[in-house]
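Student: I would like the atomic coordinates for the input below:
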Amino acid sequence: MSQVQATSTKPYLIRALHEWCVDNSFTPYIVVQVNERTRVPMQHVRAGQIVLNIAPYATGGLQISNEEITCQARFNGVAQSLYVPISQVLAIYARETGQGMAFEQGALAGSGMELGGVVAGEDLSGSAEPGSSAPEAPSDPEPPAAPSPKGGHLRRIK
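Tutor: Sure, this is the predicted structure:
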């Protein structure tokens, strides 16, 4: 019996959590590990990562495909095109509650173990990463610190 190569669950989970956030009037944030393929404003990258607001009001033309996330967003009033490979997304969560998912760094394979854990919404204090693509209208408060895939408040899903 031959093994069937399934597509990754990661982009489907990202799309589902984005939809859940929007449906519940939460602000969806993604944590991105920046590499040479990632196209984001480098002045907002801290410790190799950036946190992005991907709410409908903060982005234009948001597309979450199985390979990448693309959109237009404003940073300090300047519109920029963003490109994020799905493999570079470390987490997606709701700003207001901290609920979401964290992924293993670079995970894209279709295995069920690619999931780093579920963010419980607890202990998300700390300094936020600048660079959220908030709209030009009133600025959003700083997002909570990005959940770490290896943090103690995460639990592995099996």
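Student: which residues does residue 65 contact?
Tutor: Residue 65 is in contact with 11, 86, counting by Cβ atoms under 8 Å, 6 or more residues apart in numbering. Where you see a C-beta, it was placed from the backbone N, CA and C, and this is true even at glycine.
Student: and it, what's its pLDDT?
Tutor: pLDDT for residue 65: 97.
Student: please look at residue 60 and residue 81 and confirm they touch.
Tutor: No. In this structure, residue 60 is not within contact of residue 81 by Cβ atoms under 8 Å, at 9.7 Å.
Student: joint contacts of those two?
Tutor: Counting by Cβ under 8 Å, 6+ apart, the residues touching both residue 60 and residue 81 are 71, 72.
Student: can you classify residue 15 as helix, strand or coil?
Tutor: Three-state assignment for residue 15 (DSSP: H, G, I helix; E, B strand; the rest coil): helix.
Student: can you check residue 21 too?
Tutor: Recorded secondary structure, residue 21: helix (three-state DSSP).
Student: count of neighbours near it?
Tutor: For residue 21, the count of nearby residues is 23 (other Cβ atoms under 10 Å).
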